[in-house]
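# Got a sequence here, can you model it:
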Amino acid sequence: AAETAQTAPAGASTRPPPTWWVATFSVLGAITALFYLFLSFARLEIFKMLLASFFPLVLLILSVLGSIVLGLATPTEAAAMGALGGMLLAAAYRRLNLAVLKESVFLTAKTSAMVCWLFVGSAIFSAAFALLGGQALVEEWVLSMNLTKVQFLLLSQVIIFLLGWPLEWTEIIVIFMPIFIPLLDNFGVDPLFFGLLVALNLQTAFLSPPVAMAAFYLKGVSPPHVTLNQIFLGMLPFMGIQIFAIFLLYMWPQIGLWLPQLLYK
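Below you'll find the predicted structure:
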């Protein structure tokens, strides 16, 4: 979302979402709250648990991403709102102390430094790659195959899918995506549409054997009796859903494009 906001066209302007959109989600939220509040005691207890654990995080996420999408704050300002909201939540849960604050600052600095050096390395790599003629060589090679738009999308998505096994999404986005982006105009591919396909593709790659980094993350937090094979079997239906979602997005691009077009016309 931050990159989308930063790379928006210079003449683009934001406008608030339509009234029917806000009213629909407000009504659905009110119906859900009434359903949990008044239908049964068990649901009331579940609602209380969600109110204390899940809903505050949802409000924090909506305040950060919503402020960017609605044009109320820049990504940097939204990040400051997120940091303030995190501190308030920690204070509300009575976990805000010097040790937690120190660890949070240390992890934030560590992650920020890693991401910054990734961008520095990717910029140097992209510049050197283009300066030495690598970008032109790749472009000539792809164009020499006389691919159609569908064939180009299939080729690029297969490459990104295979890269998603050994690499994190950050390395793929900042290092390998600049190789594909200059080719989009030659095949008439919308960059936003291509980005959505890549996002879904990477989610599928992270669930796909033989590497499936998401499976190892889950194994690290799962009970000891849950085996890695069980996690792999449990992820297969979600892989099928992701592949089906990619197919739907390709057949009907407006599934993913209508909301950005609505907000950033």
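# Contact partners for the nearest residue to A73 once chain neighbours are set aside?
Take A73 and drop its neighbours on the chain: the residue closest to it by C-beta to C-beta, 6 or more residues apart in numbering is S67, 4.0 Å away. Backbone N, C-alpha and C define where each C-beta goes, glycine included. S67 sits next to A73, E77, A78, M81 when contact means C-beta atoms under 8 Å, 6 or more residues apart in numbering.
# 10 Å instead?
Residues near S67 by C-beta atoms under 10 Å, 6 or more residues apart in numbering: A73, T74, P75, E77, A78, M81, G82.
# what sits against the last one?
By C-beta under 10 Å, 6+ apart, the contact list for G82 reads L60, I61, S63, V64, L65, S67.
# Selecting buried members of those residues in ChimeraX, what would you type?
Command for ChimeraX, covering only those of the contacts of G82 found buried under the criterion 16 or more other C-beta atoms under 10 Å:
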select :60,63,64,67
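# Show me how far the host helix or strand of the residue nearest to A73 is from its chain's centre.
Applying DSSP states H and E as the criterion places S67 in helix 41-69. On the basis of C-alpha atoms, centre = their mean, to the nearest Å, helix 41-69 sits 20 Å off its chain's mean C-alpha point.
# Tell me the first helix or strand C-terminal of that helix.
Sequence order places helix 75-92 as the next helix or strand after helix 41-69, per DSSP H and E.
# angle of the next helix or strand after that next one against helix 75-92?
Counting by DSSP H and E, the next helix or strand C-terminal to helix 75-92 is helix 98-131. Angle, helix 98-131 to helix 75-92, by axes from the mean of the first three to the mean of the last three C-alpha atoms, to 10 degrees: 160 degrees.
# Report the buried residues of helix 98-131.
Result for helix 98-131 [16+ other C-beta under 10 Å]: buried residues L118, S122, F125, S126, F129.
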